[in-house]
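**Q** return atomic coordinates for the entry below.
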Amino acid sequence: MLQRPRMTTPPRFDAPAHAPRRTFRLGDRLVAESEPPLVIPEIGINHEGSVAKALRMVDDAANAGAEIVKFQCHVIEDEMIPAAKDVVPANAEEGIWQIMERCALSEEETREVKAYVEDKGLMYLSTPFSRVAADRLEALGVDAYKIGSGECNNTPLIDHVASFGKPVILSTGMNDISTVAPSVEILERRGVDYALLHCTSMYPTPYDKVRLGGITELGDAFPNAVLGLSDHSLGNWTCFGAVPYGARILEKHFTSDKRWPGPDVPISIDPRELQELIVGSRAIFEALGGGKTILTEEQPTIDFAYACVVSTRDIQPGETLDDANVWVKRPGTGEIHAKDYPNVLGKTARTAIAKDTQLAWAQLG
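**A** Just a heads-up that it's a prediction; the model follows:
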């Protein structure tokens with residue numbers, strides 16, 4: 001079993017002074033440009049309708065260091081019509097109706113899973129795919145909502161969810177700035193905090209189709225949004241790359257075992273990869289900012305790594321200094337550093353200088 005990694009409190013990364021608010025809370029967790037990324041492992045429907053599998057994935061996510069897990073809430077009759085039985089997703093071999101019929105958790109099962117998640121000390125997040133699903137989640141007392149890319153321009157559903165007054169995380173795959181804008185207008189009119197996740201709805205997403213620059217475009221167009229990436233590429237690489245672009249929410253499909261069946265399992269990360277994503281994205285966040293200055297903490301290294309001007313043999317008083325009797329060597333604790341070597345050449349020794357002496361200006365004339 002993976003050991004839950006120890007998390008130290010990172011230094012705060014100061015956002016630019018002109019940055020808007022871009023902050024909200026999920027429970028007790030502050031999500032903001034100035035905070036480490038929130039990694040969301042999406043269990044989604046990878047449980048294939050099995051509560052036991054769902055709880056196993058919750059355990060594995062918790063052991064990997066997750067703060068939150070995400071599910072999907074499907075009420076099939078309110079979500080789609082029977083014609084959906086003939087619509088086969090790109091990452092599946094059966095109709096979307098049949099998939100959801102097999103994978104959807106009942107209201108009681110959803111309540112059981114949510115309680116288990118919270119008993120583990122994690123936050124519970126879920127995506128409603130219909131009005132009834134949203135009402136079910138609201139009745140269960142969720143703290144926030146995730147809206148998938150397929151519903152990004154489903155403005156009636158977004159307005160219904162926003163009417164609850166809770167934070168909304170909105171994925172934006174299959175949409176551009178102009179088609180995201182109406183949904184953002186609803187969220188801002190309703191006065192709810194929100195995040196926008198850049199996303200490419202390809203399963204898996206080729207790396208050259210991820211387009212991390214989309215995060216920047218979302219931030220420029222919607223300055224009140226917390227930014228993030230909902231990623232369907234293989235592995236963690238693009239999530240790591242998203243952090244310097246301002247992504248503070250990183251969402252990946254998650255499974256306990258990549259040998260399990262399920263349409264989203266092939267693009268999912270496992271517990272080891274989840275732990276790497278949590279630790280690695282935080283490390284990248286901590287490394288952001290700053291400037292090219294000399295740190296006081298570097299002084300011990302300076303003391304041995306810098307070179308200073310030294311005598312390479314015994315030098316007599318009045319002797320001229322040249323490259324035959326002086327050179328630069330470690331440690332860096334002498335008075336005359338290597339950069340001043342040219343200024344030493346041609347001077348004379350005022351006193352006798354023994355071999356391997358770090359020179360001082362007072363010894364030179």
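
**Q** now the closest residue to Ile284 other than its chain neighbours, what's its secondary structure?
**A** In this structure, Ile284 finds its nearest non-sequential neighbour in Val243, 4.5 Å apart by C-beta to C-beta, 6 or more residues apart in numbering. Heads up, the C-betas are built off the backbone N, CA and C, glycines and all. Three-state call for Val243 (DSSP: H, G, I helix; E, B strand; the rest coil): helix.

**Q** state the distance from Val243 to Leu250.
**A** 8 Å (C-beta to C-beta, to the nearest Å).

**Q** got it, and Pro266?
**A** In terms of C-beta to C-beta, Pro266 sits 19 Å off from Leu250.

**Q** next: Ala62.
**A** Noted for Ala62: a distance of 17 Å to Leu250, by C-beta to C-beta.

**Q** likewise His198?
**A** 11 Å.

**Q** which residues do the two both contact?
**A** With contacts taken as C-beta atoms under 8 Å, 6 or more residues apart in numbering, the residues that reach both His198 and Leu250 are 228-229, 242.

**Q** count of neighbours near Gln299?
**A** 10 (other C-beta atoms under 10 Å).

**Q** what's the answer for Pro82, then?
**A** Pro82, neighbours per other C-beta under 10 Å, totals 10.

**Q** residues contacting it?
**A** By C-beta under 8 Å, 6+ apart, Pro82 lies in contact with Trp97.

**Q** which parts of whichever helix in the chain runs longest are buried?
**A** Assignment by DSSP state H gives helix 271-287 as the longest helix of the chain. Using 16 or more other C-beta atoms under 10 Å as the test for burial, helix 271-287 gives 271, 273-282, 284-285.

**Q** so which elements touch that helix?
**A** strand 38-44, helix 51-63, helix 237-242, strand 249-253 (3 or more C-beta pairs under 8 Å, 6 or more residues apart in numbering; DSSP states H and E).

**Q** and of these, who's closest to Phe304?
**A** Proximity to Phe304, assessed across those by C-beta to C-beta, is greatest for helix 237-242 (33.2 Å).

**Q** ok now the closest one, how far from the chain's centre?
**A** The gap between where helix 237-242 is centred and where its chain is centred comes out at 7 Å by C-alpha atoms, centre = their mean, to the nearest Å.

**Q** who's in contact with that helix?
**A** Residues outside helix 237-242 that contact it (C-beta under 8 Å, 6+ apart): 39, 198, 205, 207, 210, 212, 215, 228-229, 231, 247, 250, 252, 277, 280-281, 284.

**Q** buried stuff in it?
**A** 238-242.

**Q** likewise for stretch 227-236?
**A** 227-233, 235-236.

**Q** so how far is it off the chain centroid?
**A** 9 Å.

**Q** average pLDDT for the strand or helix carrying Glu101?
**A** Assigned by DSSP states H and E, Glu101 belongs to helix 96-103. In this model, helix 96-103 has a mean pLDDT of 89.

**Q** now do stretch 178-192: everything it contacts.
**A** Outside stretch 178-192, the residues touching it (C-beta under 8 Å, 6+ apart) are 147, 152-153, 155, 158-159, 162-163, 165-168, 170, 172, 194, 196, 218, 221-222, 224-225.
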